[in-house]
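Visitor: Dropping the sequence and predicted coords here.
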Amino acid sequence: MNSRLLYLDIDGVLLGKARPGDAEIVLARYAEEFLTYSLQHYHCFWLTTHCHNGDSADVINLLKRYAGEKVIKMAKDIGPVYWKTLKTEAIDVKSDFYWIDDQLLWSEIQWLKKNNVFDRWIQTDTRKNPDDLIRAISILKGK
């Protein structure tokens, strides 16, 4: 098993917009390629409000509204985590991790900075930039 960890958000990352300003939510462009790369090179975990209780069933049910069977199959290979108040509760700061999220809370940013791991957050927003998962893959390839 890969010792490198990757924490993934859903809203604004895997679910985005076809064009900025659109009202409709869609599966983000390049989601399949992103998940394929991520699962091949990282041990992946959901770090999203849709999966904070250690059970990824809600994430899978949400993605079924937007994604085909291939993406759903990959999504099922991503592990759940448990956290109560802040997403950072689920992160082992001593691990070799990266975190893909569109927006963090101020206190989560401060936690990352305090622990000298702010560079482990890869801000990815497929609502504002529908092609942002390609950029995220490129960044991960450089890590």
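Guide: Now that the structure is in, tell me what you want to look at. Numbering: from 1, shown residues only.
Visitor: Mind jotting down where the strands sit in this structure?
Guide: 4-8, 15-16, 26-27, 43-46, 96-101, 121-123 (DSSP state E).
Visitor: mind listing the helices for the protein?
Guide: With DSSP state H as the criterion, the chain has helices at 31-41, 57-64, 69-75, 106-114, 132-141.
Visitor: and of those helices, who's closest to residue 124?
Guide: Of all the helices of the chain, it is helix 132-141 that lies closest to residue 124, at 4.6 Å by CB to CB. Every residue, glycine included, has its C-beta placed from N, CA and C.
Visitor: tell me the mean pLDDT for the closest one?
Guide: Helix 132-141 carries an average pLDDT of 97.
Visitor: buried ones in that helix?
Guide: 132, 133, 136, 137, 140 (16 or more other CB atoms under 10 Å).
Visitor: Reformat these as CSV; add distance to residue 6.
Guide: Shown next, in CSV, are the buried residues of helix 132-141 (distance: CB to CB, whole Å):
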residue, distance to residue 6
132, 16
133, 13
136, 10
137, 11
140, 8
